[in-house]
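> Give me coordinates for this.
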Amino acid sequence: MRIAWIDCAAGASGDMLLGALLDAGADLDVVNAAVAAVHPSLSVSIDQVSRHQIAATKATVRADGAAHPEGPAAFVDEAPEHGHEHGHGHGHGHDEGDGHGHGHGEEQQTRRWAEVRALIEAAGLDPAVRDRALDTFGRLARAEATAHGVTPDEVHFHEVGALDAIADIVGVAAAAVSLGLGRIVVSTISLGGGRQVRGQHGGIPVPGPAVLAVLAEAGAPVTGGAAPYEMTTPTGAALLGTLADEFGPIPPMRIERAGVGAGGRDPVEVPNVVRVVLGESVDQPAADLVYETNVDDLDPRIWPQVLTRLLEAGASDAWLTPILMKKGRPAHTLSVLVTGERANAVRKVILTETSAIGLRESIVTKHAADRAFTTVDVAGQKVSVKIASYGGEVVNVQPEYEDVVKAAGALGRPIKVVLAQAVAAAHDHWN
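Reported below is the predicted structural model:
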């Protein structure tokens, strides 16, 4: 399965994510077809730039061939120093009014969430692209509603509601879909801090209320980061919430390539980039659970039945360890190995058939040899045998004990002799 890890050590914005995905191999033609479906005047161009001497791709959304001076959708009174083009999208308030004073003329009108939704739904996009774009704007609408104390339908988008910003979100969605990713993991997200920035309706603290609301809904891990200014924008946060299947460090993979997307400026504190690492997932050993509980007040005659019931409930193994508890009381630790899908049944047996009133759970990694089963003949008696192999070679042969006991009784031979004969017959059969 093809997977991606998005590194947000320097935060994220819409244009940075778009540049990183295109640099990682996303199809620019697919992206341009998607943004043109929203409005025929829209297109995406890319340039090669450097941030702290790191080569990166700068993506710019253009309307009628012209890019906004501060980048797509940066319709603000004062641009934050970090230079994330969408970060300036702090004016997504709910107030009526203009205040757009610069940009693409009528395309800067405020748009309600319902209008943005209708525009994207009517664009004739690939369903996967459309759904991701709608999900992103839905997250923004809910976050702005939380920040301003209104309902999502009352939210007016200013900066991110402009056509070029809509195209930026659609472009990221199209780029991600074009890469054919089965799973996306996003790192801890740097938010920044420091002085307030200017939005459509005045000063906005950093990190902004909309950024915090979006990432809280997504359950994303965050940190302040190294830079004293805005590092993650509302649009970037919403896109990460939509893209992420999970959050965490880089997952096990065989790396195919990495893409680097640049923000609009090159600050001194950090390389102003988002990285996307693509690769094929590496299968990991299956994770199992181990349940343990200490029991000092159960009639020991009951334990054999408990172990049998646990195995019947789906436990991979179950065992007892003698221990000495406080005040010198003899006791046992019950340990049970079980897969996740059988965990509930095993817990029920432990808590209903023993005197335990609690148990400990831990995750373990299980490495298992390949297994096969066969039947061998020992002087006319059938004995089942389990054969374990590793790397194509037989490493262990174990006859079923009950079959050995039955055969030994029928043949009038010692159990140890029949056991050895069954092992030898199994090796002969398998080799």
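
> centroid residue for this protein?
Nearest to the centroid of the C-alpha atoms of the chain, with distances taken as C-alpha atoms, centre = their mean, sits residue 246, at 1.7 Å.

> Any idea what that one is bridged to?
residue 185 (DSSP bridges).

> Please list all residues in contact with it.
Taking C-beta atoms under 8 Å, 6 or more residues apart in numbering, we find residue 246 in contact with 183, 185-186. C-betas here are computed from N, CA, C, even on glycine.

> Give me the buried subset of those.
185-186 (16 or more other C-beta atoms under 10 Å).

> closest to residue 125 among the contacts of residue 246?
residue 183 (22.3 Å; C-beta to C-beta).

> my guess is the closest one contacts residue 243, does it?
No - with contact taken as C-beta atoms under 8 Å, residue 183 and residue 243 are classed as non-touching, separated by 10.6 Å.

> ok now do residue 415, which residues does it touch?
Contacts for residue 415 (C-beta under 8 Å, 6+ apart) come out as 404-405, 408.

> Ok, residue 21 next?
Residues counted as contacts of residue 21 (C-beta under 8 Å, 6+ apart) are 172, 175-176, 179, 259, 261, 276.

> And those residues, which two are furthest apart?
The largest separation in the contacts of residue 21, counting by C-beta to C-beta, is between 179 and 261 at 13.4 Å.

> Which one's more surrounded, the two?
residue 261 (32 against 19; other C-beta atoms under 10 Å).

> quick one: contacts for that one?
The contact partners of residue 261, by C-beta under 8 Å, 6+ apart, come to 15-23, 56-59, 273-276.

> Give me the buried entries from the contacts of residue 415.
404, 408.

> Export the contacts of residue 415 as CSV, with columns for pLDDT, secondary structure and distance to residue 397.
Output for these, formatted as CSV (pLDDT from 0 to 100; DSSP: H, G, I helix; E, B strand; the rest coil; distance: C-beta to C-beta, whole Å):
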residue, pLDDT, secondary structure, distance to residue 397
404, 94, helix, 12
405, 95, helix, 17
408, 94, helix, 18
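
> got any ranges where the protein has weak pLDDT?
Applying pLDDT under 70 to the chain picks out residues 65-109, 158-162, 164, 195-202, 284-286, 431.

> Run a quick neighbour tally on residue 380.
For residue 380, the neighbour count with other C-beta under 10 Å is 8.

> for residue 56, that is, sorry about that
Around residue 56 there are 25 residues (other C-beta under 10 Å).

> continuing past the helix or strand hosting it, what's the next helix or strand?
Using DSSP states H and E, residue 56 sits within strand 54-63. The helix or strand immediately downstream of strand 54-63 is strand 111-112, counting by DSSP H and E.

> List of residues touching the helix or strand following that following strand?
Sequence order places helix 113-121 as the next helix or strand after strand 111-112, per DSSP H and E. For helix 113-121, the external contacting residues (C-beta under 8 Å, 6+ apart) are 38, 111, 130, 133-134, 137-138, 141, 152-153, 155, 157, 161, 166, 170.

> In helices only, show me the residues you listed.
Among the contacts of helix 113-121, DSSP state H puts 38, 130, 133-134, 137-138, 141, 166, 170 in helices.

> Residue 363 touches residue 338, doesn't it?
No - between residue 363 and residue 338 there is no contact under C-beta under 8 Å: 11.3 Å.

> what is in contact with these two at once?
Contacts common to residue 363 and residue 338, judged by C-beta under 8 Å, 6+ apart, are 288-290.

> is it possible to export those residues to JSON lines including secondary structure?
Shown next, in JSON lines, are the shared contacts of residue 363 and residue 338 (DSSP: H, G, I helix; E, B strand; the rest coil):
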{"residue": "288", "secondary structure": "strand"}
{"residue": "289", "secondary structure": "strand"}
{"residue": "290", "secondary structure": "strand"}
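
> What is the nearest of the residues you listed to residue 29?
Out of the shared contacts of residue 363 and residue 338, the member with the shortest distance to residue 29 (by C-beta to C-beta) is residue 288, at 46.3 Å.
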